[in-house]
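*Asks:* build me a model:
(one chain, ligands or ions: 2)
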Amino acid sequence: MSLTRIKEGAAVIEVPQKVVEHITERNEVFYNPAMAVNRDLTVLLLRVFVREKDRPIKVAEPLAASAIRSIRILKEVPSVEKVFINDLSSEALKYARRNLELNEIPPEKVEVWNEDASVFLLKTKYYDYVDLDPFGSPVDFLDATAKALAHRGVAGITATDTAPLSGTYPKTCLRRYGAKPIDNEFYHEVGVRILIKKVAEVFFQYDLPIEVLFSYAYLHHFRVFVKRYRGARRVDELVKNKFGYLLYCHRCLYRSTVPLVRWNGAPRECPVCGHRLDWAGPLWVGELWNPDYAEEMLKELPSVEHQPETKKLLKAVVKESKLQTVGFYETSALGKALKLPFLPPKKVLLRELEGVETHFSPEGFRTNLPHEEVLKRVRNLVRE
Ligand SMILES: C[S@@+](CC[C@H](N)C(=O)[O-])C[C@H]1O[C@@H](n2cnc3c(N)ncnc32)[C@H](O)[C@@H]1O
Ligand SMILES: [Zn+2]
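*Replies:* Ligands and ions are numbered 1, 2, ... in the order given. Below you'll find the predicted structure:
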């Protein structure tokens, strides 16, 4: 079989040529170039994370495929004690082992396992970092991840089933994530918030509070990084304050959230235009980023060979992490809802609405202004 050599970050790997040309779920071993941004951000986050620790970290990659991610972590993150690499496919592991050799990874730095991901995690726990990177939904592996993380450990979790999470298949979302998605201008953000809610509730059932360090949507995947703590009281607080529902008006774009525990008294009609309100959730209404983490990751960027898109995404997140609203506005949706004859340029809107751009959408921006004030200022801009 002909092999292709690929260089990404500090790693060089070899994978079968057909895999690069044709990525499908059926490919047993594969390398997805579109995921380079995902791996860049993982390395950047871990470079920040290891600074918190006074000892080298123990890492698990339960769904490793070619092992590119583990190799990058070993070569690009200082202070990694050992990486445990696992895949259910023995074919994948053949390439993973080759690639470890190709990169001259010292044998004492890795352990290779051939198990189901959950079984592997439970047999080899505890870890400072677990990377879940499945093809599709990560739900299958959340329970073992929660149990395999050490105190103050971090999980990096990918979901590529963005269609259910962002409203194309609402029944699948309800079944898999226990939440209703929504079809609006910030449906991707809602998808990420539903994913976080699912991760959180699995951790919460074991009295493990979480903090979201970083999250994003990019092309065909969502990604969240959560840090695990301990304490039932803290979980109670998080359930009370960070689990909620989104209320949304498709006519005037009004949006607000209501805590899960107060869903009973939620309004049914839009307080601005009287239209019947739609809703999404339950979802995570808390922070999507730790702004200090995002900023420190950006500072690490010059030390890591990365994709141009990684820089773009990270810079946008650093800005939006300072204004963490639930939902954002999009210029065209505002124009349509207000039936405007034309739209002011985005630059003007950002200035007049005290807005900050979002990585979720090139047209989107966040603002802390009340909804009615947003509508008023946009109308005035068009009238001028
Ligand atoms: C998307 S790939 C991983 C890509 C890799 N993390 C990267 O960054 O390039 C998913 C891998 O999970 C493996 N896999 C699927 N189900 C599994 C299971 N239950 N346990 C362990 N591995 C599994 C597949 O063989 C495949 O290699
Ligand atoms: Zn309304």
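*Asks:* and the longest helix for this protein?
*Replies:* The longest helix of the chain (DSSP state H) is helix 187-204.
*Asks:* run the chain-centre distance for that helix.
*Replies:* 9 Å (Cα atoms, centre = their mean, to the nearest Å).
*Asks:* now do the helix or strand following that helix against helix 187-204, angle only.
*Replies:* Tracing the chain C-terminally past helix 187-204 and defining elements by DSSP states H and E, one meets strand 210-218 next. Here strand 210-218 points in a direction 150 degrees away from that of helix 187-204 (axes from the mean of the first three to the mean of the last three Cα atoms, to 10 degrees).
*Asks:* which elements pack onto strand 210-218?
*Replies:* Under the contact definition 3 or more Cβ pairs under 8 Å, 6 or more residues apart in numbering; DSSP states H and E, strand 210-218 sits against helix 36-49, helix 187-204, strand 221-228, helix 291-300, helix 308-320. Where C-beta positions appear, they are placed from N, C-alpha and C, glycine not excepted.
*Asks:* most tightly packed of the ones you listed?
*Replies:* Among the helices and strands packed on strand 210-218, ranked by average contacts under mean count of other Cβ atoms under 10 Å, first place goes to helix 187-204 (a mean of 25).
*Asks:* quick revisit: of all the helices and strands packed on strand 210-218, which one is nearest ligand 2?
*Replies:* Ligand 2 lies closest, by Cβ to the ion, to one member of the helices and strands packed on strand 210-218: helix 187-204, at 17.7 Å.
*Asks:* average pLDDT for that closest one?
*Replies:* In this model, helix 187-204 has an average pLDDT of 98.
*Asks:* can I get it in CSV, CA atoms only?
*Replies:* Backbone C-alpha positions of helix 187-204 (Å, rounded to 0.1, in the frame of the first residue of the first chain) are rendered in CSV as follows:
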residue,chain,number,x,y,z
TYR,A,187,-27.4,27.9,16.2
HIS,A,188,-23.8,26.8,16.3
GLU,A,189,-23.2,28.5,19.7
VAL,A,190,-26.4,26.8,20.9
GLY,A,191,-24.9,23.5,19.7
VAL,A,192,-21.7,24.1,21.7
ARG,A,193,-23.7,25.0,24.8
ILE,A,194,-25.8,21.8,24.5
LEU,A,195,-22.6,19.8,24.2
ILE,A,196,-21.2,21.4,27.3
LYS,A,197,-24.4,20.8,29.2
LYS,A,198,-24.1,17.1,28.3
VAL,A,199,-20.5,16.9,29.4
ALA,A,200,-21.3,18.8,32.6
GLU,A,201,-24.2,16.6,33.6
VAL,A,202,-22.1,13.4,33.3
PHE,A,203,-19.4,15.0,35.5
PHE,A,204,-22.0,16.4,37.9
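*Asks:* report the angle between that helix and strand 221-228.
*Replies:* Helix 187-204 and strand 221-228 are oriented at 30 degrees to each other (the same axes, to 10 degrees).
*Asks:* and the longest strand for the protein?
*Replies:* strand 149-159 (DSSP state E).
*Asks:* partner strands of it, parallel or antiparallel?
*Replies:* strand 127-132 (parallel), strand 221-228 (antiparallel) (DSSP bridges).
*Asks:* got the residues of the stretch 101-250 of the chain near ligand 2?
*Replies:* Counting by Cβ under 5 Å from the ion, the stretch 101-250 of the chain comes close to ligand 2 at Cys249.
*Asks:* by proximity to ligand 2, which residue of the stretch 101-250 of the chain wins?
*Replies:* With Cβ to the ion as the measure, Cys249 is the residue of the stretch 101-250 of the chain nearest to ligand 2, at 3.1 Å.
*Asks:* confidence score at that residue?
*Replies:* So Cys249 comes in at 98 (pLDDT).
*Asks:* go ahead and confirm it touches Arg268.
*Replies:* No. Counting by Cβ atoms under 8 Å, Cys249 stays clear of Arg268, with 11.1 Å between them.
*Asks:* identify the contacts common to these two.
*Replies:* Taking Cβ atoms under 8 Å, 6 or more residues apart in numbering as the criterion, Cys249 and Arg268 both touch Leu277.
*Asks:* returning to that earlier point: how about the strands paired with strand 149-159 in CSV, adding mean pLDDT?
*Replies:* Shown next, in CSV, are the strands paired with strand 149-159 (pLDDT from 0 to 100):
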stretch, mean pLDDT
strand 127-132, 98
strand 221-228, 98
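*Asks:* any idea how far the residue sitting nearest the centre point of the chain is from ligand 1?
*Replies:* Nearest residue to the geometric centre of the chain (Cα atoms, centre = their mean): Arg223, 2.2 Å. Distance of Arg223 to ligand 1, given as Cβ to the nearest ligand atom, to the nearest Å: 11 Å.
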